[in-house]
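Q: A predicted structure for the sequence below; I have some questions about it.
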Amino acid sequence: MPQACDLGEVPASVVWTGGGKDTLSWSAVAGASAYRIHEGDGASLPSLITPAEDSCVRATVPGTTVRGRFLDETPPPGGVLWFLVTAAARGSPA
């Protein structure tokens with residue numbers, strides 16, 4: 001049986017900002033001291049609603065915006081990249 005992964009609370013709003021697809025911003029979650037940015041590809045998308053680990057934590061950031069880094073990656077032709085932002089409380093694993 002796949003191991004469940006505790007993702008943490010998801011912000012109410014996550015949007016692309018800054019006029020392009022290289023800046024991601026989200027609403028603050030009460031009690032969060034950091035946020036994890038998860039990334040997956042099209043093949044892993046159906047597993048997103050299961051408890052199985054299906055993504056890679058690409059970054060843990062202290063604020064409510066991340067710019068550049070991996071966000072400017074381009075999926076292969078016909079491919080998909082997805083991002084999920086989850087809250088992390090003080091003392092939780094990165």
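A: Sure thing, it's come through.

Q: Okay, strands next: where are they in the chain?
A: Secondary structure of the chain by DSSP state E: the strands cover 14-16, 23-26, 32-41, 56-61, 65-67, 81-89.

Q: Pipe those into CSV and attach distance to Gly8 and mean neighbour count per row.
A: Using the backbone N, CA and C atoms, a C-beta is placed for each residue, glycine as well. As requested, the strands of the chain are arranged in CSV below (distance: least, C-beta to C-beta, whole Å; neighbours: other C-beta atoms under 10 Å):
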stretch, distance to Gly8, mean neighbour count
strand 14-16, 14, 13
strand 23-26, 12, 19
strand 32-41, 7, 19
strand 56-61, 11, 15
strand 65-67, 16, 16
strand 81-89, 4, 18
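
Q: Output the ones you listed in CSV; the columns should cover distance to Glu73 and mean pLDDT.
A: CSV is the format used below for those (distance: least, C-beta to C-beta, whole Å; pLDDT from 0 to 100):
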stretch, distance to Glu73, mean pLDDT
strand 14-16, 14, 89
strand 23-26, 12, 92
strand 32-41, 8, 88
strand 56-61, 10, 84
strand 65-67, 13, 89
strand 81-89, 6, 86
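
Q: got the ones you listed as TSV, with distance to Leu48 columns?
A: Shown next, in TSV, are the strands of the chain (distance: least, C-beta to C-beta, whole Å):
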stretch	distance to Leu48
strand 14-16	14
strand 23-26	17
strand 32-41	7
strand 56-61	13
strand 65-67	19
strand 81-89	7
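
Q: pretty sure Asp72 is touching Lys21, no?
A: Yes - counting by C-beta atoms under 8 Å, Asp72 does reach Lys21; the two are 7.1 Å apart.

Q: Which pLDDT value does the model give the nearest residue to Ala12 once chain neighbours are set aside?
A: Of all residues not flanking Ala12 in the chain, Ser27 sits nearest, at 4.9 Å (C-beta to C-beta, 6 or more residues apart in numbering). At Ser27, the model reports a pLDDT of 95.
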